[in-house]
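S.K.: Next come a sequence and a model predicted from it.
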Amino acid sequence: MKADISAEIGGLILKNPVMPASGTWGYGEEYAEFYAPGELGAVVVKGTTLEPRQGNKPPRIAETPAGILNSVGLQNVGVEKFISEKLPFLKKNKCTVIVNIAGDSVDDYADVARRLMDEEGVSAVEVNISCPNVKKGGIAFGVNAASASVLIKSVKKEYGRPLIAKLSPNVTDIVEIAGACIDSGADALTLINTVRGMSIDINNRRPLLPNCAGGLSGPAIKPIALRMVYEVKKATGADIIGVGGIECFEDALEFIMAGASAVQVGTANFYNPMVMPEIIAGFGEYLEKNKIGSVKDLVGVAIR
Amino acid sequence: MKADISAEIGGLILKNPVMPASGTWGYGEEYAEFYAPGELGAVVVKGTTLEPRQGNKPPRIAETPAGILNSVGLQNVGVEKFISEKLPFLKKNKCTVIVNIAGDSVDDYADVARRLMDEEGVSAVEVNISCPNVKKGGIAFGVNAASASVLIKSVKKEYGRPLIAKLSPNVTDIVEIAGACIDSGADALTLINTVRGMSIDINNRRPLLPNCAGGLSGPAIKPIALRMVYEVKKATGADIIGVGGIECFEDALEFIMAGASAVQVGTANFYNPMVMPEIIAGFGEYLEKNKIGSVKDLVGVAIR
Amino acid sequence: MNFHDGLSGEKIFFGLSEVINIKEIVRETFLIEISSSSQLAKSEPGQFVYIIPKMQKRTVLPRPLCIADADSETVKLIFKIRGKGTLCLSELGKGDKISVMGPLGTGFPLPREPVLLAGGGLGAAPLYFLAKKLRNNKKTSLLLGFKNSDEAYFIDEFKSIAKNVFVCTDDGSLGAGGNVVEKAGEIIKNEKVICACGPRPMLKGLSDFAGKKGLRIFVSLEERMGCGVGACLGCVVKIRRGGKEEYQRVCKEGPVFDGLEVVY
Amino acid sequence: MNFHDGLSGEKIFFGLSEVINIKEIVRETFLIEISSSSQLAKSEPGQFVYIIPKMQKRTVLPRPLCIADADSETVKLIFKIRGKGTLCLSELGKGDKISVMGPLGTGFPLPREPVLLAGGGLGAAPLYFLAKKLRNNKKTSLLLGFKNSDEAYFIDEFKSIAKNVFVCTDDGSLGAGGNVVEKAGEIIKNEKVICACGPRPMLKGLSDFAGKKGLRIFVSLEERMGCGVGACLGCVVKIRRGGKEEYQRVCKEGPVFDGLEVVY
Ligand SMILES: Cc1cc2nc3c(=O)[nH]c(=O)nc-3n(C[C@H](O)[C@H](O)[C@H](O)COP(=O)(O)OP(=O)(O)OC[C@H]3O[C@@H](n4cnc5c(N)ncnc54)[C@H](O)[C@@H]3O)c2cc1C
Ligand SMILES: Cc1cc2nc3c(=O)[nH]c(=O)nc-3n(C[C@H](O)[C@H](O)[C@H](O)COP(=O)(O)OP(=O)(O)OC[C@H]3O[C@@H](n4cnc5c(N)ncnc54)[C@H](O)[C@@H]3O)c2cc1C
Ligand SMILES: Cc1cc2nc3c(=O)[nH]c(=O)nc-3n(C[C@H](O)[C@H](O)[C@H](O)COP(=O)(O)O)c2cc1C
Ligand SMILES: Cc1cc2nc3c(=O)[nH]c(=O)nc-3n(C[C@H](O)[C@H](O)[C@H](O)COP(=O)(O)O)c2cc1C
Ligand code: FES
Ligand code: FES
């Protein structure tokens, strides 16, 4: 019997539990050089807004110990162009498409979600609630349970297929925010977005990124992400996609055991474009070697 | 003219801006094998409580990418034994002693502070507000501005010399907590304590540390610490001791430019016991090479 | 971590390459030759490789280096020690294996008109490759600028593949005194195109000059990168085209851009 | 990162050591010889060194390894590949430099009474050093246990320095069949002290045995470490003494503890 490496997230069935993290894998075209995007459990695309966005001033990337800071911002082609120019490639490649959505106001998010609901080729939305809420003075939706809740409810009204809320780790109590999102209709959670960090250019005596702060990702944040996945799974039982610093199969397995039903890989693609197929193969081999029927049997086994 | 590498923190004058981070350097005895503890700007000792504590179950240390997790807990000899058995060595070595204090309740902290006020050899207390407030159901004092404020005020009443509040990074808004501490009488701030994280032992299918979560330290957290130092300095102007992942002079300089007046080194001592003298020498050389009169001229120069 | 050993795409190689030779050609500047592949053999001048420094010294990201020459046997790169990654590279020895991705990006066009190749410092490296490919264009001239004679490299190699090679140094210690922008104004005759690589102020100066003179100019830009393949939008520069400004990717649309369109 | 090159304390060396020899003695188990120092020459059996694996593969902490032998020329260590750090160590070659701190911790006493040295697997390593130091004690016997003959090592070396060497393997593929705890019960005669190193269950078994027989026992324990020098309280084990339980440091009071006091 072949090992069952399929995964289920908020009602969405995936052929395997591995997908790219939003913003790190473009729209699937760039890495098609290395393998077919349809091999992945899903493809999560760059944060998509109603209108096209320019994003932040360069430099946008800084390296830190075992991690990177980015301040790409939300440079993207906008939802219309995504549908007309990017989605066809993903559909042609039979990808399960998850669209990461973002905006400055609740209405922005709802509008994008409504537009995507019309597209059969979009299997789920991942609501990036870490964006600054421009109407509320730039404080992110995701740092406050009440505003997260309002946001998720509005998107839920517009979008009938699986809704995944992607949470920010920059909060005192991730369990509270997670609970609010689930209670407001999120079918699953993605944990975590980047951790706010900074780097100083000592030669020029200023922050290395013109935006000052940036988002920390990569192996450095793995223990932080694992802790949050574990805590949220333990407290809420919600379906979780784990993300943060995964760079090999063993890392992915840690997330599954901590309570994630699937994983995303971001920064590691940058230094190992083959990392996702490797992890997928790793799951198959591990299940067979250890005579485990399904990845699902491992979800949360480390929780005490 | 010799470069001036002295530092000033909340009224406390230090011969140089480099000191160990609490809990990573014992009571100064162990590293005396490598150099005289009096060479340091100050010596910050292990978190000290009213009564002796056993600390947490081993294993207490796990390695993570460019970092470590610890769950040592507050194993310490208690304030009385600290004074009778540990302080004399530090006094004999002419160290500027900063005692990191901790407790389960506001009264615990106040009692330790009162006892230390009697000891001339203790130059300052560093109040570790990341401990769980047992009376309030284990939620840490440091994650809430109101409870942090109560705590700092009570310690301030008992302790007349410089009071430094050491903040937890596991909060949504570090500036708010920092402001509350300063307004409540803290003379300076230490930023940051460890970041909550976790590691899974995939062979045994459980968290590697029996306590499940642990505190992440080491190079991995440097960008997080730098961001918090920068934000707090910019918003409050408070005197700050920067700590988190420093492993060489350049790292220390990043913290100074981000707004720290002095730095602490923790985890790096474990793999380079000479790291602090190296950083101190680094400051002297840097000032001379760049014809800068004093380290103080560099504090916060990167802030925009 | 299990990197695929020889695996790679159709156009992009990703796998281990062997160090065939490495030497310090001028202080802290190294010429490294690594083994090639079918994909790397098709590299174009101006393209780059992304080199992964083995997770040493806490690094994460690969390092982009211009291809200074490539054939089916070897790929040549020239780099200067700037930080941790290039330090690790400089410590490599013959026979060591390194992880390489490439060729990446969009290189220089191969103009048929008379062309001036202008390189400043490390910027000379990709021009060597370009000059070789332009050997048939007899109207190619080369202008190489360095800080001083101690930093100059590859002069003889350039002279062996091109006829008109001008060298200048900031302090006049080798060739003429002065910088590349000044010298370009002096030596340019009937050239219609400039291909340039070097520090940004030099590229800006040359672009201004080309704009005024009505010449075409192609410049090779640097920016901090994430993925190296166009997926993360980490490496953008601002490009003005048809009155509209937009960010383009150094790793995909670039590193070579139309110098007149770059918003410096 | 600028590690001091040869600097160190009076008793503890901290600096670079050169790899003099490294070889795989049994599968995934290596014997490495590194250059010594005045402080390392004074190592005592049971003490350990803390080896820093060059920040490769994202490691941070040094790795503790028992000293298997030390004189003024070299220090011998025996290690098995377990994870990233030991993997990096196994990739070292002759002439490479590694950062070393040591000797650290408190070793075995040197008993004058008849003594049994009992080692399981890798635990044999420090016992070799101890057996050498006990050469003058003619009443030393040695019991070495391994999983099977493929994992056994250093038997001849042990036989060359001690008279009574017993070997057992779990599967009986070398020496007697059975584990160290069982065998100890069989071979022990007039020994008054046991010195043991190996997996915890073995040490617990031997301690129970010694307790029943009224023997003294010293065991070498392992625990995950931070500082290695007693400063961080990272590496504790629970010790019961005079009815009171307290945590003691493997790196300072240990790694060798009174086996009857350890709370396993
Ligand atoms: C397309 C392209 C081609 C290049 N070709 C060459 C070449 O042929 N020879 C050469 O010597 N240098 C070249 N560079 C610059 C070279 O990539 C950097 O010097 C190198 O990345 C520095 O790495 P480091 O680890 O030594 O420095 P660090 O400062 O430790 O690097 C930290 C991070 O910043 C990035 N970084 C630092 N400086 C630069 C820079 N100037 N450009 C882009 N990223 C940078 C690094 O890649 C890394 O991610 C090129 C850059 C680009 C973008
Ligand atoms: C005092 C002492 C003496 C030792 N002597 C020897 C010896 O002579 N030969 C030998 O092969 N092994 C010995 N060990 C065990 C050896 O230290 C570990 O096998 C090694 O640290 C594993 O490192 P790694 O990077 O390969 O594994 P990883 O799992 O990648 O290590 C991750 C972290 O866990 C720690 N760790 C993992 N396993 C152990 C362990 N069993 N004990 C302590 N820390 C551990 C590592 O030091 C590191 O900090 C000794 C341990 C101690 C405490
Ligand atoms: C360059 C870059 C761009 C990103 N863009 C987005 C984005 O548009 N939307 C989003 O929700 N997360 C974005 N992220 C966060 C990642 O999706 C992921 O949550 C984070 O990088 C942690 O995973 P990693 O450590 O595997 O990279 C981005 C991350 C990087 C590095
Ligand atoms: C083993 C260990 C024990 C610690 N004990 C304490 C403590 O008792 N009190 C405290 O305020 N911080 C304690 N810390 C946190 C450090 O003082 C410091 O804030 C943190 O480690 C970040 O600095 P670093 O990255 O340089 O280690 C401890 C850290 C470690 C690694
Ligand atoms: S580096 Fe990722 S788009 Fe250029
Ligand atoms: S490892 Fe720090 S006290 Fe033992």
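M.R.: Arrived safely, thanks for sending. Residues are numbered from 1 along each chain as shown, chains lettered A, B, ... in the order given. Ligands and ions are numbered 1, 2, ... in the order given.
S.K.: mind listing the helices for the stretch 1-150 of chain A?
M.R.: A:79-81, A:87-92, A:106-117, A:145-158 (DSSP state H, counting those that start in this stretch).
S.K.: tell me, how many neighbours does C:Ala131 end up with?
M.R.: 25 (other CB atoms under 10 Å in any protein chain shown). Glycine gets a C-beta too; all of them are placed from N, C-alpha and C.
S.K.: mind checking pLDDT for it?
M.R.: Listed pLDDT for C:Ala131 reads 93.
S.K.: what's near enough to touch it?
M.R.: Taking CB atoms under 8 Å, 6 or more residues apart in numbering or on different chains, we find C:Ala131 in contact with C:Leu117, C:Thr140, C:Leu142, C:Phe158, C:Ile161, C:Ala162.
S.K.: residues contacting whichever residue of the stretch 1-150 of chain C sits closest to chain B?
M.R.: As assessed by CB to the nearest CB, chain B sits closest to C:Arg58 within the stretch 1-150 of chain C, at 5.2 Å. Shown in contact with C:Arg58 (CB under 8 Å, 6+ apart): A:Pro65, A:Ala66, B:Ala66, B:Pro219, C:Lys84, D:Met55, D:Arg58.
S.K.: Was I right to think C:Gly226 contacts C:Val236?
M.R.: No: using CB atoms under 8 Å, C:Gly226 is not in contact with C:Val236; the gap is 10.7 Å.
S.K.: what do these two both touch?
M.R.: With CB under 8 Å, 6+ apart as the test, C:Gly226 and C:Val236 both reach A:Arg60.
S.K.: any chance you could map the strands in the stretch 51-200 of chain C?
M.R.: C:63-70, C:74-80, C:97-104, C:115-120, C:140-146, C:164-169, C:176-177, C:193-197 (DSSP state E, counting those that start in this stretch).
S.K.: Just name the most buried of those.
M.R.: strand C:115-120 (a mean of 28; mean count of other CB atoms under 10 Å in any protein chain shown).
S.K.: Give the closest residue to the residue of the stretch 1-150 of chain C closest to chain B in space, chain neighbours not counted.
M.R.: Take C:Arg58 and drop its neighbours on the chain: the residue closest to it by CB to CB, 6 or more residues apart in numbering or on different chains is A:Pro65, 4.0 Å away.
S.K.: list the contacts for that neighbour?
M.R.: A:Ala220, B:Ala66, B:Gly218, B:Pro219, B:Ala220, B:Lys222, B:Gly245, C:Arg58 are the contacts of A:Pro65 under CB under 8 Å, 6+ apart.
S.K.: Tell me who's in contact with the third one.
M.R.: It refers to B:Gly218. Taking CB under 8 Å, 6+ apart as the test, what B:Gly218 contacts is A:Pro65, B:Thr64, B:Ala66, B:Gly67, B:Ile68, B:Gly245, B:Glu247, B:Gly266, B:Thr267, B:Ala268, D:Val60.
S.K.: could you redo the last one with a cut-off of 10 Å?
M.R.: Contacts for B:Gly218 (CB atoms under 10 Å, 6 or more residues apart in numbering or on different chains) come out as A:65-66, A:220, B:63-70, B:194, B:244-247, B:266-268, B:270-271, D:60-61.
S.K.: related to what we said a few turns ago, now the helices of the stretch 1-150 of chain A in CSV, with mean pLDDT, mean neighbour count and distance to A:Leu189?
M.R.: Formatted as CSV, the helices of the stretch 1-150 of chain A follow (pLDDT from 0 to 100; neighbours: other CB atoms under 10 Å in any protein chain shown; distance: least, CB to CB, whole Å):
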stretch, mean pLDDT, mean neighbour count, distance to A:Leu189
helix A:79-81, 97, 16, 23
helix A:87-92, 97, 16, 23
helix A:106-117, 96, 20, 16
helix A:145-158, 96, 20, 10
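S.K.: nearest to C:Asp258, of those helices?
M.R.: Closest to C:Asp258 of the helices of the stretch 1-150 of chain A is helix A:79-81 (CB to CB; 23.6 Å).
S.K.: Can you give the contact residues for the closest one?
M.R.: So helix A:79-81 is in contact with A:48-52, A:87, A:99, A:101, A:111-116, A:119, going by CB under 10 Å, 6+ apart.
S.K.: circling back: what's the closest of the contacts of C:Arg58 to C:Leu104?
M.R.: C:Lys84 (21.3 Å).
S.K.: For the closest residue to the closest one other than its chain neighbours, which residues are in contact?
M.R.: Spatial nearest neighbour of C:Lys84, excluding adjacent residues (CB to CB, 6+ apart): C:Lys57 at 4.4 Å. C:Lys57 sits next to A:Pro65, C:Gly83, C:Lys84, C:Gly85, C:Leu87, C:Cys88, D:Met1, D:Lys54, D:Met55, D:Gln56 when contact means CB under 10 Å, 6+ apart.
S.K.: For those, pick the one with the most neighbours.
M.R.: A:Pro65 leads the contacts of C:Lys57 on contacts (other CB under 10 Å) with 27 neighbours.
S.K.: ok, C:Gly175 - contacts?
M.R.: So C:Gly175 contacts C:143-146, C:149, C:152, C:155, C:165-169, C:183 (CB under 10 Å, 6+ apart).
S.K.: do that again at 7 Å, thanks
M.R.: C:Phe166, C:Val167, C:Cys168, C:Thr169 (CB atoms under 7 Å, 6 or more residues apart in numbering or on different chains).
S.K.: what's the distance between it and ligand 6?
M.R.: Counting by CB to the nearest ligand atom, to the nearest Å, the gap from C:Gly175 to ligand 6 is 60 Å.
S.K.: So in terms of bridging, what pairs with the nearest residue to that residue once chain neighbours are set aside?
M.R.: Taking CB to CB, 6+ apart, and ignoring the residues beside it in sequence, C:Gly175 has C:Val167 as its nearest neighbour in space, at 3.2 Å. C:Val167 has these beta-bridge partners by DSSP bridges: C:Leu144.
S.K.: From what I see, C:Val167 and C:Ser141 are in contact.
M.R.: No: counting by CB atoms under 7 Å, C:Val167 does not reach C:Ser141; the two are 11.9 Å apart.
S.K.: possible to save the contacts of C:Gly175 as a markdown table with distance to ligand 2?
M.R.: As requested, these are arranged in a markdown table below (distance: CB to the nearest ligand atom, whole Å):
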| residue | distance to ligand 2 |
| --- | --- |
| C:Phe166 | 56 |
| C:Val167 | 52 |
| C:Cys168 | 53 |
| C:Thr169 | 50 |
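S.K.: And these, which is closest to A:Asn203?
M.R.: Among the contacts of C:Gly175, and counting by CB to CB, the member closest to A:Asn203 is C:Thr169, at 23.8 Å.
S.K.: Do I have it right that the closest one meets C:Phe146?
M.R.: Yes: here C:Thr169 reaches C:Phe146: they are 5.1 Å apart, a contact under CB under 7 Å.
S.K.: and the closest residue to ligand 2 within chain A, helix, strand or coil?
M.R.: Nearest residue of chain A to ligand 2: A:Glu250, at 10.6 Å (CB to the nearest ligand atom). Following DSSP: H, G, I helix; E, B strand; the rest coil, the label given to A:Glu250 is helix.
S.K.: so it sits right up against B:Ile202, yeah?
M.R.: Yes: under the criterion of CB under 7 Å, A:Glu250 makes contact with B:Ile202 at 6.0 Å.
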